[in-house]
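**Q** Requesting a structural model of the entry that follows:
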Amino acid sequence: MLRPWRIEDAGSLQRAFTVSGDLAVQLGAIELTTLARSEAFITDNLATGTVSRQNFAISLDGVAVGNVGIGSMEHRHGTGWVYYWLSAEARGQGLATLALASITDWAFTEQGLYRLELGHRTNNPQSCRVATKAGFAAEGVERQKLKYGTERFDVETHARLRTDAPPPIRLLPTVTF
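**A** Numbers count the residues shown, from 1 in each chain. The predicted model follows:
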């Protein structure tokens, strides 16, 4: 299910950060190797939604194993930017695809958004498969868009419109605040 992040998820977040080396790169200067820092990150970033940003814990048997969120929600134009990650231990089960399709449905029905976008590094074919399976069409490559450390990466942008046919995926229950 998708649900709000809770302070009790700090241990799961800390574990995901320490066993999933790529999360440290994606999160940049954020360091979550201690329980206290993980609790603060949940409180300051994940558990606090705004009119333009909302995050959900991807929960498997009650344990937070990842995050899916929408940022840059712009309600006048009905747009938003979606993002997701899973702990290394939870990958390969289709959870990211289910979470992405589910938050997309939530954004279209509950938030009234019309267009959602996402981007992935071109050297991350797994993320591309998640996006495609969740109904996001590739729209092009943005050269050298992201910088991790000293290295720059090309990013493939995908989008899904409310009027696009939804993928044949069962949606996860989404619990809101």
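
**Q** does the residue most central in space within the chain sit in a helix or strand, and which one?
**A** Taking CA atoms, centre = their mean, the centroid of the chain lies closest to residue 84, which sits 1.9 Å from it. Using DSSP states H and E, the element containing residue 84 is strand 79-86.

**Q** tell me the mean pLDDT over that strand?
**A** On average, the pLDDT along strand 79-86 is 96.

**Q** And the next helix or strand past the helix or strand containing residue 106?
**A** Residue 106 is part of helix 95-109 when elements are defined by DSSP H and E. Once the chain leaves helix 95-109, the next helix or strand it forms, by DSSP H and E, is strand 115-121.

**Q** Just the angle for that next one relative to helix 95-109, thanks.
**A** Angle of strand 115-121 versus helix 95-109, following axes from the mean of the first three to the mean of the last three CA atoms, to 10 degrees, is 150 degrees.

**Q** Any buried residues in strand 115-121, and which?
**A** Of all the residues in strand 115-121, those buried under the rule 16 or more other CB atoms under 10 Å are 115, 116, 118, 119, 120, 121. C-beta: built from backbone N, CA, C; applies to glycine.

**Q** same deal with stretch 166-177?
**A** 167, 169, 171, 172, 174.

**Q** CA-only coordinates of it, as CSV, when you get a sec.
**A** Once non-C-alpha atoms are left out, stretch 166-177 reads as follows in CSV (Å, rounded to 0.1, in the frame of the first residue of the first chain):
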residue,chain,number,x,y,z
PRO,A,166,-4.1,3.5,-18.0
PRO,A,167,-1.8,0.5,-17.9
PRO,A,168,-3.4,-2.9,-17.0
ILE,A,169,-2.1,-2.8,-13.5
ARG,A,170,-3.9,-3.3,-10.2
LEU,A,171,-3.5,-0.2,-8.2
LEU,A,172,-2.2,-0.2,-4.6
PRO,A,173,-4.5,1.1,-1.9
THR,A,174,-3.5,4.7,-1.1
VAL,A,175,-4.0,6.1,2.4
THR,A,176,-3.8,9.8,2.7
PHE,A,177,-3.3,12.1,5.7
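
**Q** C-terminal to the one helix or strand in the chain whose mean pLDDT sits lowest, what's the next element?
**A** Using mean pLDDT, DSSP states H and E, helix 21-27 stands out as the lowest-scoring helix or strand of the chain, at a mean of 75. Scanning forward in sequence from helix 21-27 by DSSP H and E, the next helix or strand is helix 35-41.

**Q** what's the angle between the helix or strand following that next one and helix 95-109?
**A** Downstream of helix 35-41, the next assigned helix or strand under DSSP H and E is strand 54-60. For strand 54-60 against helix 95-109, the angle by the same axes, to 10 degrees is 140 degrees.

**Q** Right, I'll call it a day here.
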